[in-house]
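Trainee: what shape does this take:
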Amino acid sequence: MHAVAPHSREYVARVLVQTIPELQQADAYVVMQKAHKQGMAVVGVWVFEIAEAYCASLKSGGLICSVTEESD
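Mentor: Next up is the predicted model:
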């Protein structure tokens, strides 16, 4: 486990918008706020390969990200 320097809220929202094409600025802000307040947030639901690609891009932007299977 490693410590990650916190990013500004604006930075997180910007990385989300730059990484997820269908995510608008207002939606990215909502996701960022939820993650800030609750410690995590769902960014979206995609087929596995796309989710993995988005997750890798978010990680390269310095964000913590993981892909989990959607529960029914």
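Trainee: helix or strand: which one has residue 23?
Mentor: Per DSSP states H and E: residue 23 is located in neither a helix nor a strand.
Trainee: how about the helices of this protein, start to end?
Mentor: 9-19, 25-38, 48-60 (DSSP state H).
Trainee: show me which residues of the last one are buried.
Mentor: Pointing back at helix 48-60 there. For helix 48-60, burial by neighbour count (16 or more other CB atoms under 10 Å) applies to 51, 54-55, 58. Every residue, glycine included, has its C-beta placed from N, CA and C.
Trainee: from residue 11, how far off is residue 42?
Mentor: Using CB to CB, to the nearest Å, one obtains 20 Å as the distance from residue 42 to residue 11.
Trainee: try residue 17
Mentor: In terms of CB to CB, residue 17 sits 11 Å off from residue 11.
Trainee: quick one, which of these two is more surrounded?
Mentor: Per other CB atoms under 10 Å, whichever of residue 17 and residue 11 has more neighbours is residue 17, with 17 against 14.
Trainee: that one against residue 29, yeah?
Mentor: No: the pair residue 17 / residue 29 is not scored as a contact, 9.2 Å apart, by CB atoms under 8 Å.
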